[in-house]
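Engineer: Below: sequence and its predicted model.
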Amino acid sequence: MRDHTGARRTLSAVAVLALATACSTTTPEEEGGTGHAPERGHAHSGDLTVSGAWMPEPANPEVGALYFEIANGAEADRTLTGVVTSLSETAELHTTGTGDNGASHMEEVEEIPVPAGETVELTSGGHHVMVLDLPEPPAEGEEFTAVLTFAGGTELDLTVPVEAMAGNNGDH
Ligand SMILES: [Cu+2]
């Protein structure tokens, strides 16, 4: 009797574990394990694909930058109009420009166009997403969720890893 109960308990523990593992997988088409580094976020809807989403570990504890690329395989232009993350209440679309004095600066933009058939890269020195008012800065190895909204109502959910700043000059 005792053995029987013990076996059942073990079985259900294994089942729960399997379920938990399945739930932590972000998409069914995940490309296998590549070491311990969390995979950069990706998602797609029809001909619209977002990939390579990541955040450098914030240098400023209240502000983080979110980088990714958007590929538009359709024949119609698309427009990124907003981003919401699980990190804070505020995220803005930014672009980096060069001022009259030659110094680079960034400013908020209403939207980021993704022309038909093109890929737009959001990265340091160009368009990017700024996550503001962080209650606490996320650390390397953590993940958060981001929802990108496009004109017309398409929403894409991403799981975004936080990575070390190394390898990136951090100049944005
Ligand atoms: Cu910015």
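Structural biologist: That came through fine.
Engineer: so where do the strands sit in this protein?
Structural biologist: 41-45, 48-56, 64-72, 78-85, 90-98, 104-108, 112-114, 119-122, 128-132, 143-150, 155-163 (DSSP state E).
Engineer: Least reliable of those by average pLDDT, please.
Structural biologist: Of all the strands of the chain, the minimum mean pLDDT falls on strand 104-108 (a mean of 91).
Engineer: Sheet partners, orientation included, of that one?
Structural biologist: Sheet pairing of strand 104-108 (DSSP bridges) gives strand 90-98 (antiparallel).
Engineer: quick one: is the partner strand near the ion?
Structural biologist: Yes: Strand 90-98 reaches the ion (CB under 5 Å from the ion) through His94. Quick note: C-beta positions are derived from backbone N, CA and C, even for glycine.
Engineer: Highest mean neighbour count out of the strands of the chain?
Structural biologist: Stretch with highest mean neighbour count among these: strand 64-72 (a mean of 22; mean count of other CB atoms under 10 Å).
Engineer: tilt between that one and strand 143-150?
Structural biologist: Relative orientation of strand 64-72 versus strand 143-150 (axes from the mean of the first three to the mean of the last three CA atoms, to 10 degrees): 50 degrees.
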